[in-house]
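Here's my sequence, what's the structure:
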Amino acid sequence: MIGIDEPSKASSPLGNAGTPLHVAVVAGDQALRHGLVRLLAQDPRLRLLDPVADLAELRTAGLQYDACVLGLPETGFSDTVTEFMRAVPCVVWIPALGIPALGEQADGWRHWVASWVQGARGVVGHDVARVAFADAVLSAARSPHDLHPHIARALLEATSATDLGVSATLAGTLGEVAKGRRTAAAMSASGTSAATHALDLAHLRDACERAGLGVPRRSGDGRRRHDRGDAFEPGVIPPEALMLSSRVREVLRCYADGYDYEEIAQHLNISETTVKSHVLSAMDKFGITHNRSSEVRQLFAIYISGRHSRPDLLLRRLDRIRSSTPAVSARLPVVSL
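Model (predicted):
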């Protein structure tokens, strides 16, 4: 079992691309835990273990795993968490609620950089696609020095904002990765060896830590103001809501309230195409890819927006729709709400 105080004993051979990677999920919020599992569970390259609330529970459970997904701690990284992330391949998830997306504020990069400085091999945000998220987990376990475009951009912003010095080759690699190029290709283009790249990253991590960039901003600092309609009530938050941006949730609230695409577009001052894209991409994250009729879209929007009195029945119906094939989805039994 991978643990804090002992060397990693992988539950599956990481070099074998055909063997699913065993992944632990740790997050203090129950909705987030199950949302992360739901987001990754459909990828055949991964085998998701039962999620847990904290590292103590993970240790007690005695689970075997190759990598771990961690929800960003709102109170910062304790010594125990930091030690764990530096011993185990970890990907940190930065949720949408209360945390600005990268680039929305001058120091929006701090959450990303802090997670990386504390030892995370990967950092992803709420808007990451299913496949990209799974890729980040696999990369964390198999290619520890690979970088996601978001963290590359965050590191570039950090070096610019704090005057941290980086080598020309690393700056070139970060610039290419930030544009979406794979790390190996970016290294090849800049003529950087794997050993030099790893050493440059280690020096940058140390410099960031000395500059105080290993501490994420407190969740309440610099938070964007939301109207009351954007707040979720305790016990009503569906896990999938944590995977969506505030704009997508706003679109779904309007749709749940009976407005059509044209009316939502006019209200939010965006195009109808964008409105439709937001609705369908949100359903993709939930796994509803076949039956996306107007009725199903309405049910989904009602569920995500908390406009329901029996979420258990509504979720049961959505689960049936999600697991159905195109041939049988039209014959789903109706569940009274």
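
do you know how far S277 is from A265?
The gap separating S277 from A265 is 11 Å, by Cβ to Cβ, to the nearest Å. For the C-beta atoms, the positions are set from N, CA and C on the backbone; glycine is no exception.

For these two, indicate the residue with more neighbours.
Remark: of S277 and A265, A265 carries more neighbours, 19 against 14, as counted by other Cβ atoms under 10 Å.

How about P44: what's its closest non-neighbour residue?
For P44, ignoring the flanking residues on the chain, the nearest one in space by Cβ to Cβ, 6 or more residues apart in numbering is P20 at 6.9 Å.

Tell me which residues touch the one you found, please.
If a contact means Cβ atoms under 8 Å, 6 or more residues apart in numbering, then P20 has 12, 44-47 as its contacts.

tell me the strands in the stretch 201-337 of the chain, going along the chain?
In the stretch 201-337 of the chain, no segments count as strands under DSSP state E, counting those that start in this stretch.

One more: the stretch 1-150 of the chain?
Using DSSP E, counting those that start in this stretch, strands in the stretch 1-150 of the chain cover 21-26, 46-48, 67-71, 90-94, 122-125.

Select from the ones you listed the stretch with the lowest mean pLDDT.
Lowest mean pLDDT within the strands of the stretch 1-150 of the chain: strand 122-125, a mean of 87.

elements contacting it?
strand 90-94, helix 110-117, helix 130-142, helix 149-162 (3 or more Cβ pairs under 8 Å, 6 or more residues apart in numbering; DSSP states H and E).

Any chance of CSV for these, columns distance to E176 and mean neighbour count?
Below are these laid out as CSV (distance: least, Cβ to Cβ, whole Å; neighbours: other Cβ atoms under 10 Å):
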stretch, distance to E176, mean neighbour count
strand 90-94, 22, 27
helix 110-117, 18, 26
helix 130-142, 16, 20
helix 149-162, 8, 20
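
Including distance to I321, could these go into CSV?
Shown next, in CSV, are the helices and strands packed on strand 122-125 (distance: least, Cβ to Cβ, whole Å):
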stretch, distance to I321
strand 90-94, 26
helix 110-117, 35
helix 130-142, 18
helix 149-162, 32
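
For S293, which of those is the nearest?
When these are compared by Cβ to Cβ, helix 130-142 sits nearest S293, at 22.4 Å.

ok and the closest one relative to helix 149-162, angle-wise?
Angle, helix 130-142 to helix 149-162, by axes from the mean of the first three to the mean of the last three Cα atoms, to 10 degrees: 70 degrees.

And helix 130-142, how far out from the chain middle?
On the basis of Cα atoms, centre = their mean, to the nearest Å, helix 130-142 sits 11 Å off its chain's mean C-alpha point.

got the angle between it and strand 21-26?
Going by the same axes, to 10 degrees, helix 130-142 makes 100 degrees with strand 21-26.

ok so, going back, state the distance from the residue nearest to P44 to L40.
11 Å.

what does H148 give?
In this view, H148 and L40 are 15 Å apart by Cβ to Cβ.

ok so, going back, and the strands of the stretch 1-150 of the chain as TSV, adding distance to Q298?
Shown next, in TSV, are the strands of the stretch 1-150 of the chain (distance: least, Cβ to Cβ, whole Å):
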stretch	distance to Q298
strand 21-26	31
strand 46-48	30
strand 67-71	30
strand 90-94	29
strand 122-125	28
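
List just the one of those strands that sits closest to L156.
Each of these has some distance to L156 by Cβ to Cβ; the shortest is strand 122-125, at 14.0 Å.

residues in contact with that closest one?
90-94, 96, 101-102, 112, 115-116, 132-133, 136-137, 139-140, 148, 150-151, 154.

Partner strands of it, with direction?
Paired strands of strand 122-125, with direction, are strand 90-94 (parallel) (DSSP bridges).

and the angle for the strand it pairs with with helix 110-117?
Angle, strand 90-94 to helix 110-117, by the same axes, to 10 degrees: 170 degrees.

same question for the lengthiest helix in the chain, mean pLDDT?
Counting residues, the longest helix found in the chain (DSSP state H) is helix 194-210. The average pLDDT within helix 194-210 is 92.

about what we covered before: just put the contacts of P20 in a markdown table and tack on neighbour count.
Below are the contacts of P20 laid out as a markdown table (neighbours: other Cβ atoms under 10 Å):
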| residue | neighbour count |
| --- | --- |
| S12 | 15 |
| P44 | 8 |
| R45 | 16 |
| L46 | 20 |
| R47 | 17 |
